[in-house]
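[1] Quick one, structure for this:
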Amino acid sequence: MRIICFLALCALSSAAAGASTGTVWNELNTVKEAGTLRSLAQAPDGTLISVGDAGLYRTSTDGGVTWVTKTSINLDNSDQPLTKAIFDLKVSGPRLIMAGANRLLLTSDDSGATWTTQTPANINAAGVRFNKVSVTDAGLTAVGTSGAIIESDDNGDTWTRTTAPAAEYRAVAGDGTSTAVAVGYQDSMGIIVTRAETTTDTTTTVTWTKATTPIALDTRTLFGVAYNGSTYAAVGANGTILTSTDGTTWTDHSLKPPSPLPNFTDVIAVGNGFLTSANNGVAGFLTSTDSGATWTPITVLPSGSSF
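    Predicted coordinates:
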């Protein structure tokens, strides 16, 4: 059994003995081209697609053992070169959604064979970058720079901008209700915002409100957030780990000196717990089996490697 690490995107495979928990990993020395990979998804037809900086786009049809680099894609009915940085790739039902720099937002209904450009409303600045797309109760939610948080209730065909504080948002997660949480940074400080709906007889207004955190988030950019069925976990720079059961009240579980204080680059829910990836001198993962209250390190690559 092989699983590919989409948290770290370092082309790792899990050995059979540790595949269920992610405790044993082996590096796949098959991707040699230069470039930073940002996201990985398995298309509905089983193809693995990894994307990254400067339009980096690779596919694998054998579970990640070998990869093919593509320099162009069929976009809007013509073959076009890939030049924009791609920051996220998600699967929603039969559809792939790709997000990235300069308002890049593409959808594919045939596992990446062809792509269609989507143009969200009220995103006027050409330099807006979409960092992450997630499936939430609202449908699809994409977050990015310049305070951009947009939602789609038709699986990516149309998008509407919501009201949120000015910030760069790096990740978003929902809990299956109208509540969701986005994280990022604002004026060099980490920020958490919580989604709420106000409904009248004719309209529903979506507003994201800045949450109060138990620690100051100076120099603590938040890079990832996930929900495991009962708890949100938000992670970020300098060993920051915060948890919340409602998206509003947060508890600090951050690493403290003399422990190394890595930058946690992403987090996903795994069963009742979480798995987070780290860099900045500590190349590996931390896992939690108690909804983020305690964490156990798993070192994957030597010190100095980067996820």
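
[2] Any idea what Tyr232 is bridged to?
    Beta-bridge partners recorded for Tyr232 (DSSP bridges): Tyr227, Ser244.

[3] give me the low-pLDDT residue ranges for the stretch 151-300 of the chain?
    Within the stretch 151-300 of the chain, the ranges that satisfy pLDDT under 70 run 280-283, 299-300.

[4] 90 instead?
    Filtered on pLDDT under 90, the stretch 151-300 of the chain yields the residue ranges 188, 199-204, 219, 256-262, 271-272, 277-285, 296-300.

[5] so what's Ser291 up against?
    Ser291 is in contact with 228, 230-231, 233, 243, 272-274, counting by Cβ atoms under 8 Å, 6 or more residues apart in numbering. In this view, the C-beta of every residue, glycine as well, is placed from N, C-alpha and C.

[6] do that again at 10 Å, thanks
    Ser291 makes contact with 228-233, 243, 245, 253, 269, 272-274, according to Cβ atoms under 10 Å, 6 or more residues apart in numbering.

[7] Tell me the spacing between it and Gly139.
    26 Å (Cβ to Cβ, to the nearest Å).

[8] do Gly93 as well
    Going from Gly93 to Gly139 by Cβ to Cβ gives 11 Å.

[9] Over to Phe87?
    For Phe87, the distance to Gly139 - Cβ to Cβ - is 20 Å.

[10] Same check on Val193?
    18 Å.

[11] more neighbours, the two?
    Val193 (25 against 15; other Cβ atoms under 10 Å).

[12] Hmm, the more buried one is touching Val183, no?
    Yes: Val193 is in contact with Val183 according to Cβ atoms under 10 Å; the separation is 7.8 Å.

[13] Quick check: nearest residue in space to Thr289, chain neighbours excluded?
    Counting by Cβ to Cβ, 6 or more residues apart in numbering, Thr289 lies nearest to Gly273, which is 4.2 Å off, once chain neighbours are set aside.
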